[in-house]
Each structure stands twice: as C-alpha cells, then as structure tokens.
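Colleague: Okay, predicted coordinates and the sequence, questions at the end:
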Number of protein chains: 4
Amino acid sequence: MIVAMTADSTPDNVEEVKRRIEAHGLVAAVSQGVERAVVGVLGSIPPDLKDEMELLPGVMQVVVVSKPYKLASREFHPDPTTIQIGEATVGGPQPVVMAGPCSVEDEEQMVSTAKAVKAAGATVLRGGAFKPRTSPYSFRGMGLDGLKLLDLAKQETGLPIITEVMSPVDVDTVAQYADILQVGARNMQNYNLLDEVGQTRKPVMVKRGLAASYEEWLLAAEYVMSHGNEQVMLCERGIRGFEQFTRFTMDVAAIPVIQRLSHLPIVADPSHSTGKWYLVTPVALAAVAAGAHGLLIEVHPNPDIAKCDGPQSLTFDNFNLLMSQVHALESIRNHPVPA
Amino acid sequence: MIVAMTADSTPDNVEEVKRRIEAHGLVAAVSQGVERAVVGVLGSIPPDLKDEMELLPGVMQVVVVSKPYKLASREFHPDPTTIQIGEATVGGPQPVVMAGPCSVEDEEQMVSTAKAVKAAGATVLRGGAFKPRTSPYSFRGMGLDGLKLLDLAKQETGLPIITEVMSPVDVDTVAQYADILQVGARNMQNYNLLDEVGQTRKPVMVKRGLAASYEEWLLAAEYVMSHGNEQVMLCERGIRGFEQFTRFTMDVAAIPVIQRLSHLPIVADPSHSTGKWYLVTPVALAAVAAGAHGLLIEVHPNPDIAKCDGPQSLTFDNFNLLMSQVHALESIRNHPVPA
Amino acid sequence: MIVAMTADSTPDNVEEVKRRIEAHGLVAAVSQGVERAVVGVLGSIPPDLKDEMELLPGVMQVVVVSKPYKLASREFHPDPTTIQIGEATVGGPQPVVMAGPCSVEDEEQMVSTAKAVKAAGATVLRGGAFKPRTSPYSFRGMGLDGLKLLDLAKQETGLPIITEVMSPVDVDTVAQYADILQVGARNMQNYNLLDEVGQTRKPVMVKRGLAASYEEWLLAAEYVMSHGNEQVMLCERGIRGFEQFTRFTMDVAAIPVIQRLSHLPIVADPSHSTGKWYLVTPVALAAVAAGAHGLLIEVHPNPDIAKCDGPQSLTFDNFNLLMSQVHALESIRNHPVPA
Amino acid sequence: MIVAMTADSTPDNVEEVKRRIEAHGLVAAVSQGVERAVVGVLGSIPPDLKDEMELLPGVMQVVVVSKPYKLASREFHPDPTTIQIGEATVGGPQPVVMAGPCSVEDEEQMVSTAKAVKAAGATVLRGGAFKPRTSPYSFRGMGLDGLKLLDLAKQETGLPIITEVMSPVDVDTVAQYADILQVGARNMQNYNLLDEVGQTRKPVMVKRGLAASYEEWLLAAEYVMSHGNEQVMLCERGIRGFEQFTRFTMDVAAIPVIQRLSHLPIVADPSHSTGKWYLVTPVALAAVAAGAHGLLIEVHPNPDIAKCDGPQSLTFDNFNLLMSQVHALESIRNHPVPA
C-alpha cells in the first residue's frame, strides 16, 4: 500500500501516518519526493487500513497494490484450474459447449433439445428451472418439476446439467440435480448465496454481474472458494452499456484478462449478452477465438413460442451451423496467456 | 404495441403478423407508410408477445408503449403515496433524514450515534447488522446481535429503525426489529428476497441497483407490491459509471423522474453514492433541492476507526452542519411534479 | 510514481527498473514488501515514463501519483479563479445564470428572449450560431448571421454573449462577437480548437465531453491555459449513461469534485443533461445547492416550434419560476470546498 | 413515427396532435387502444417533428421507427460496399490488416516497420503524423514532416498509407499523402471535419466515438457521404466503460451489428481498445472471427522507447505471430449477415 500526501502536508501529518501504520505492526517507508511525500507500507495489510489512512490529515490518495483476492489469483496459483464435468473438461484445450433452452417447459421440449444439442456436439445441457425475471408478471420457471425434467433429459442423453440456483434455501435441492450450479449475473453479489454454494462440493459457475468490475467478479469467486469449494468457473455474459441495440455489451477482452489475472476457467454467454439470435454465432466465434474455455448457448425447438428469451435462442439448424464453425476454430486457436 | 416491418417485407409477412396478433384475441391495425408497414396492436397485451413478434419474418422492430409496471405507476395511481414511520412521513412535504453508522459495532457507538443524530434532527436511525461486503475477508456485520443493539438504541431514543435484510431466510427476524426493511443495491434483482419482503407488512426501501434502469427499478418495487405490500419507497444511491473518483455516479435527475413515473416516495443516499465524506453535504443538498423525500446519511463517532465505510461517514459535527443546511433548504423547496 | 513488481519478479528485474529510472536523472527508492518489491520514483517525472516502466519484465503495475494537470490544479493554485463577464462574476458567491435559445433563429426571437431572460435576472445571453447536430439533415445554425443577431440582442439589452465555436477557423470571427467562447461537449478533445481558443484572450467555457473523466476534462482546460489564457470555466452538462429516459446523466457530484481538484469556476447545464423541460428546474436547483457557480439554461418564446431542442427549452413563464427559486436558494447556499 | 398519448389525454389532445401532423402535409392514423390512443404518422417525416410532438399536451412518448441515416443504411442499400486501397479490398472476403507505429518518429523507425509489417502480410501502413493527445505536454506528432516520412515508407514498400487528420484546415495537406483519411474517435462528432473529408474523394475511416451509439456513429458516416464521398469504412476501437483495467471496452458485437445495419465495411482496432500488447492478439482474433473486414494494429521496433502508446504496441515478432493466426482464421471464417 502506498500513501501519497498532499503537496502542503506537514511533517506532523507524515508522522501521524507513520504512527498509525506502525500501530498495526507494519513498517512505514517514507520517501520525500519533489512535490510530495509518499509513504510505502510493508507487511501484511488488513483490508480496512486503506479507509483509515484516507481519513488522516494531509493524505491525498491511498493506492492498494496487492490484489484483494488470493485464492482466485493467478499470481499465487500459476497453474490453470480444470474442472471435469462428465466427459467435458472445462479449462482444457477445447471449448466446452453448454446448450439448451432458456427455461424448461415440458418433457418433449427438454428431451428433444437435449438430443439435438448432443448430436451437434454439446457436452453439457443447460435449462432454467428457477428463472430470475425482471417483471413479476413473467413466467418464473417450473421449479422442482423443472429440475426433474432436466434429470430425465440427462438420463436420456447422458449429458450433465448446468442450471441456476437463485436462493440459499434452494441450494441443496438444486445440487441434487445439477452438475454445475449457476449463480446468475443478478446474484453475483448475493453473498449469502455465494456462501451457500461454496459449502457444496459441486462445480459453480459465477456469471459476471451487469456492472461488475473484474476485481468484484473475482472476489465473488473468492467468496465461493473461501468455503473450500475450488471448482469455480467464471462466465462473461455482457455488461450494461449505453448502447441499447444489444441487450448487453459483450466484453470480449474479459476472456484474456481473466486468464491473466486468474487460474479459473472462463466461459462466454453470447445469447444473453446480445439478446438477438443473429448475433449469437459471430459473438460465440469471437469468444472462442479470444480463448474462451466454453460457451453457454440458448437453443429451442421453436424460438417463436419459447416461454422466455425466444429472440436470442437458436433453432436446432442454426446451432448445428454454430457447432461446425466452433469445431473449425478449435483446430487453430491458441490459449493466449502471454508471459 | 407497435410492430414495424422492414422496407422489403412482403404482404405475406404482414399477414402473418396480423394472424398471430389475432390468435391472442387482440386487434391488429395495419398502417401502410411511405417506407414500411406498421402494425398497431390493440387489447391487453401479454408480456411475451414482443418476443414472439420480433422473430417473425419481415419484422424490423417491436415497440412496447405500455409500461410493464402498473402498481408502481403514477399514470394509474396519480396520488402520491406517503409512508408513516414513527413521527416521520416519507413522501410528505419535508425530507426525512435517516442517519447512523454504516454498521452496528457496539452499544456505546450505537447509542451515542442515535442520540447525536436525533439531537441534530434525524427522525429515523440507520445501522447495518447484515452487511453485504465485496470481499469475503471484510467485516460482515454483527447479525442478530446487531439487531438487538439497534433495538436498544431505539428504546433509548425513540427513533424507528431502518436496516438491511440480505436473505429471504432472515426476513422474519429482521422484520421483528426493523421499522423499514432495506433491500440493498446488490439485491435489487434478488427476486426471492423481493417476494419475501412483499409478504411482510413492513415498509420496504428498494435501493437502485448499480446498473438498473428506471424501469427495472420500478419493476423491483412492483415485485414487492404484487404481494400486497404497498408501503414501498425507492432510494437513489448512485449508479456505476466510468468515473472512479467517486464510488458511484449520483443520478440526481432520477429524483424528479421517479416522481413523474411513480407515486412512490424517493429518497437519496449521498454517502454511498460519493464514497467521500466531503462530498456528502453538497450532494445531499442537491438531492433535497431536486425534491427528494428523504436522505440516508452515514454518521460515525470516529470515522477513522469505523469498521466499514469510514471515508464516507460524517462526524457528529459535520452532520449537525448538514442538518442546519437541510432545514434552511426545506423552507424554500418545492416538489416538482410538473403537469 | 510507484512501480509495483510482480510476486515472482527477480532481483535483475528490479535492477533494470532502477537503471531505467536513473537513466532519466531520477532517484529510485526500492522497498521490499512481503509479497513484492515496490519502487518509488523521485524527481520531476516525464509523461512517458509510465509507458516505459509498464513494459519492463517483472513489472505488475505503475501508479502515477502526481496529477497530469498543473495550471488547472487547486493543489498548486489554492485561490479560486473568478472571471468577470460584464456585470457577472463567474466563480463568485452568487450563481451566474446564462440563458437563451438553443439556436438563433431570427431577430424577433432573439431580442424578445434576451429581454425576457434579462428581466428575470439572467446576466449572460446564450444562443447558438454554429450548431453541432447529430444528423447532417438537421438545422446547423445561422453562422455569421446568427452572430450578428446575438450582437443586436446584446446592444438592445446590454447582456454579454456566450456562444459556441466549433472549428479553429471560426475562432477569430466568433471571438469578435462573443464574450465567452464555448467549446462544446463533442469538441472537448478537439485539440486544435482548444489550442486556438487558448490563443485568444477571451474567457472560454469547456463543456465536459460525453464520456470524459474529471482528469481528461481538466486536461482540456489545461490545453487552453497552456497557451496563456487563464480565463477558463468548466461546464458539467451530463455524461453518457445506460439510462435513456434522460438524454444524459447529470453528474451533480462533479460540481464539488471540480471545486476540490481545481480553482476554476464550474457551471451546470441542466437543459442538455436532461433533455426534458420538466426536469430542468429540479436539476438546476440541485446544481446550485451543490455549489455550482452558474447555470446554462435554454429558453425559447415557443418551445414547440423551436428549430432545435424544443423539448428541453423553458417558456418565459417557467424560466421566471426557475429564477425565483434560484434566488431563494442563493441566500442559503454555501460553497463547499472542505478542508 | 408513432405518437402515444397518456392514459388521461383528452379527445381534444388527440385532435391537436392530428392537426399538427396534417399541417405538415402528413397523414395521421389514430388507433384507440385499451389504455391509450396511439397516433401513427404516415409520409416523409421531417427531422424536427418528434420534438414538436413531444411538447403537445397529452403526449406520453414519441417513437421514431425510421432510421435517421439513409445513405449508410443497409435497408436501402443492400449490397455491401467494398473499397479498394492499393491491392487491398476493404469489405471483401479477406480481412485487411493495417499496421504500423502509433506515431511517426524517424526514417529508420518508419521504414523498418513498414518493411516488417509488409513482410508479415499487412497491406496498408498506418502511422500518426498529427496526434490527438490527452495532455498538452505529450508529444503531438511530427506533422508535415511525419507525412513525408510516411510517403518515403510508401515508396520503399508500396504500402498505401492510412493516417489521421485532426482539423479541417489540414485535410488538403493530409489528403496529398494519405490513401485513407482517418477521423479519430475524439473527432467523430467534429462535424466541420466530417464535412471537409466528405468533400475529398479519398476513402475515409470513421472511428467510433468513445461513447457513440451505433446510430450516432452511422450518422457521422452519413455526414461524410452526404457530401458525395461514398468510400467510408467504420472502425470499432472500444468504448468508454466502467472497467479501467483495459483502456476501453471492445464492443465485439458491433461488428455483426454494423454489418446488419449498414453496407459499409467495418474494421477493428484491438490496440487502442485494450491498451495492453498482451491483449491485442486475442482481441484481434475475436474481431476477425466475428467478421471484421480489417484490423488496425500498432507495431513498433522497440515498444519500450516508443514516443506514444508503447504498452499497446506489438514487436515485429509478436506481429508475425498475430498474422499467422489471422491467416489461419481467414480460411474458416464466414461473414455473418443473417437473413
């Protein structure tokens, strides 16, 4: 941590900063520059020291150099994490495609979609039983009955399941059916939920919050990991921007950035980020080219009568097309984690 | 709802749009313009019709004119809602100041702060027992013990309590102690939590999500109201912007906008929005001048040793100064709800 | 400047950083922390040193503590700047109201508006002769003829003129008629224009760019000041955000922030920031309560037939109402530049 | 255009809307819905009609269905535009790579870079002679001498030149040396500059403004085209977002969106959008996979001593690596312009 003093701070101000730092058992190294004094803090810094320093007289700015996440950090865990989900290895050299409908609607829809996405090459089945919806008047999912239909589709096809859990009270139930517990973007800072999924030993996908910085996102992963659950993958699903033509702004650079900052796998969701089926394929390919470890894709037998998110769902035919292009890309892509 | 066709759409495309609209028991009014056909939809429109229309061939854009929130809407409920909290009327002519520490720390801190803010003119006491924290390694609040200390301070001063509830499982407990249940910004789209506070009959404050549009925010209020709890107030607490000097960007225009779109009271939180104590007073006065029905202000006996958010907490002296300026403003402000 | 090394950087990496710093005639102070080494740089740091340091092996992060603007900085120029415009003092205790139509349309419109805003208490007349318009098919202003009508209105009323200059080639002409040269938001980083207005000795208003950080905005002022023109005022006019109900998001906290970072006066434009006439008054009052040194307000005799920006223009009656509220506020406001 | 009335609007309000529409020689089609009346406007709508309508009593919302750009629109010009630059076809099936240093520094730097990028497969040479810089104290380019060095490098290698023009007064000079005139992001709404480059017959690249919507960006292209210059290409170079780890947020979805809305070629700039050399390659590949018609890449013989933007410049070796991956991608990519 660095404490920069104002140009007109007094020697007493610097002395008080030094005294406070030393009161925490830390070392204060004062450098007197041309414009101002700067105090370096050496030692294991408690999280609230920054707040304390900022309030001292004569302090202009406090800069924290250390990252606030440790378990999720690549700096302290250089080797990449891989997570085994059935036959799929998330974090390995090939992108894992997780596909299925936005919400579970009925057996026919679920089983036919599972078979179709498996045939096209997907290795994980997605489907929402508990649905976060902006309006209280929209369809909010089938709940437990939806989980049972997912399980049925799993038995028919062998595909493992990723599905969202919205509330701490549902974690145990969802964990009985799901192979990956998904924490949605709107719940990325629902800390009670993060605590709860951290206490399971199921793999967890933490989707990026609509306005979450990389650091906040990695700290959400840190919440899960701090309970001993190390099987965490991240998912870039678009952030809130000023352009409203797309639902969200896909931050494709997040993919290589997360690979640099963290050892955790990073997956992309082009369906939710764009909100339009005709943008899903180009954005999915972009994510894979940038090094994504996986894709989350919405597929529906009849998008125009889907109970949710029809406009961003691919038909079986379009999903087949997407998969053939992903496979072509796989053969040439590199995982760019530069030195 | 308006369905605008592309310039090259065919008569068959228009016919199919018409057929689908009529299949829902609605009326389709086709207007042929110079560039394109436009189809108006008349009747009570189901929420998913927009999705269905967007996917039909030849459709360029679907515009929803009706607002998706009804109970929270001023258009259908012109009279302003007021909420009585002890002696304070939220939504009335005078701004209600809710003040206290970021988090409950101990009896001495809590009682002394309650007395100080009451003496200065605050009429509601705030204090966090359950704290949402970005890092799992930060102090996360005293929980039930914190609620008991809030209760003690209430008994000493008579001030009613506003405090945050973070999880559906805690709603009953928090509702035993709180006079206003606060839903935090990070939980604005935690729909299970909104459902649960909607089932109490306690007043609820819904803070704006970090990246929530006005419509999403009002739909969060609609969630609570849809369960029969009509005592909802909103709180503008800053949105995520590109400028990092302040913690968030205070959207002061939200105050008159919400008053136009909704009959619910609107409160402002200058402490969290700015993150710096020296910005709290000017931004608080701005909010009151813009017509805010209340303020949420962090006050601490010793900000430099506060367990959270010290840099944005006012000392007792600075809070007194703020209150004297708020009182001066009260005498001249108007509530601008223009015709 | 602080250079933080990665946890696995080698002593040779640190040595190379030290060598490069010393090659610029600066002093490098190395502190070895628990996790990493940190190198402080002492001396007068050239602007490109940060870039150079970031590329050296073993460097994690480079933090610049000094502000890149000097002439505009309050740290090095503690006394506030005031700018005299006719009888108005921008930067003094009372807010200066600059009002008039979005664009100059004809003599009758211009003179009647000038008289009306003067009667209501405005002390500077605004009006656009050169108009930046998003579409090439919109009215782009009367140009020189517009300047002449502004001059006529000035002669009739004695009100000094603020008007926009869009191009370096027009600066001399506009400077003949204007008392304040306005640089629009879209031109805040039009550096040739900033150079050119810096070479005049006319007061300049630099409007904040749609997505400009405080630092970039103050650097735009620094451009003007670096040519010897010290009469610069800033104008917060709303930034681009995700909410589209208002045209832009008024960043009211910018007012006290700029007063802390800079000695230059800060003015607010509630007309452009909100885009809706019924939001102008509450947002204007908010700006004054937050300490703004002035307001820029669009007023038109008949907003519904205005050639531009009718929806955000006040009628004469509404402007009178605004002015009476501003005057009431003046009597109680303070200029919050906290210690 | 659609005019939606408030729920409590009167028949007289609707009548006045109708009257105003008809006064412009247009047809007004009134539909009476369950909640409100909606008036459709048929005919060739003038740009300011929206403003007029919004101010009429009883009007809730005005929705413009037609796009404000015509020449740049794919709807009215379905065939893609291609632009021939030397041997490169921008807008054709293969991505055109434009590479070179951020700024022209000297002959040795310029010629060696030109040779290196040509050898690696680039077909256009970039280099800045006029540099927009945030700080007035940074190196602002060599100006005319820089143009001459670009010309020298062109003669040595045969590579055509793209370089930025910042001011209307420089357009003629720059056009003598450049094969593509680049309008920078900060000048995207410098309308005098757009007018001026529109009057040349040189191809123009319009970079997206830091906070420009797709519509504003296409309207900037429309400015150029409205002067008869149809050789316009667009460049996505990252937008201003809340995350500061990268310099800007690369909006990769812009690539397929622009291909849907417009017939103009779309190029991507991963160097400026990311600001870090180690992100350039993954983001460049993402852009190509999404269908970009070209790339703009910063390359420098010695990034650590570059006069500008060293941290985002590739070495010759890294550029070679990038080019080999781009070529591999070319063979499989499709141009996704869905029906």
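Modeller: It's in.

Colleague: C-alpha only now, for contacts and for neighbours.
Modeller: Will do.

Colleague: How about the contacts made by residue A:131?
Modeller: A:103, A:139, A:140, A:141, A:164, A:166 (CA atoms under 8 Å, 6 or more residues apart in numbering or on different chains).

Colleague: For those, pick the one with the most neighbours.
Modeller: residue A:103 (26 neighbours; other CA atoms under 10 Å in any protein chain shown).

Colleague: Could you check how far it is from residue A:300?
Modeller: Remark: distance between residue A:103 and residue A:300 (CA to CA, to the nearest Å) = 9 Å.

Colleague: what about stretch A:59-74, near chain B?
Modeller: Yes - contact of stretch A:59-74 with chain B (CA under 8 Å from any CA of the partner chain) involves A:68, A:69.

Colleague: What about the residue in the stretch 201-339 of chain A that chain D sits nearest to, how many residues nearby?
Modeller: As assessed by CA to the nearest CA, chain D sits closest to residue A:286 within the stretch 201-339 of chain A, at 3.8 Å. Applying other CA under 10 Å, we find 29 residues neighbouring residue A:286.

Colleague: Does it fall in a helix, a strand, or a coil region?
Modeller: Of the three states, residue A:286 takes helix under DSSP: H, G, I helix; E, B strand; the rest coil.

Colleague: cool, and residue A:256?
Modeller: Going by three-state DSSP: residue A:256 is helix.

Colleague: in the stretch 1-150 of chain A, which spans are strands?
Modeller: For the stretch 1-150 of chain A, the strands defined by DSSP state E, counting those that start in this stretch cover A:2-5, A:27-32, A:37-42, A:59-63, A:83-85, A:88-90, A:96-100, A:124-126.

Colleague: correction: the stretch 151-300 of chain A
Modeller: A:161-164, A:180-183, A:204-207, A:232-236, A:266-268, A:294-298.

Colleague: by contact count, what packs against the shortest one?
Modeller: Contacting strand A:266-268 under the criterion 3 or more CA pairs under 8 Å, 6 or more residues apart in numbering or on different chains; DSSP states H and E are the following elements: strand A:232-236, helix A:254-261, strand A:294-298.

Colleague: Point out the other helices and strands that the second one packs with.
Modeller: I take that to be helix A:254-261. For helix A:254-261, the packing partners by 3+ CA pairs under 8 Å, 6+ apart are strand A:266-268, helix D:277-289.

Colleague: next one: it to chain centre, how far?
Modeller: 11 Å (CA atoms, centre = their mean, to the nearest Å).

Colleague: How about the residues of the stretch 51-200 of chain A by chain C?
Modeller: By CA under 8 Å from any CA, the part of the stretch 51-200 of chain A that sits against chain C consists of A:61, A:63, A:65, A:75, A:76.

Colleague: give me the number of residues near residue A:110?
Modeller: Neighbour count for residue A:110, taken as other CA under 10 Å: 27.

Colleague: And for residue A:105?
Modeller: 20.

Colleague: Kindly report the same for residue A:12.
Modeller: By other CA under 10 Å, the residues close to residue A:12 number 11.

Colleague: what's the closest of the strands of the stretch 1-150 of chain A to residue A:179?
Modeller: Taking CA to CA, strand A:83-85 is the member of the strands of the stretch 1-150 of chain A nearest to residue A:179, at 7.0 Å.

Colleague: Now do the contacts for the closest residue to chain C within chain A.
Modeller: Closest residue of chain A to chain C, CA to the nearest CA: residue A:242 (4.1 Å). Neighbouring residues of residue A:242 by CA under 8 Å, 6+ apart: C:240, C:241, C:242, C:243, C:244, D:211, D:213.
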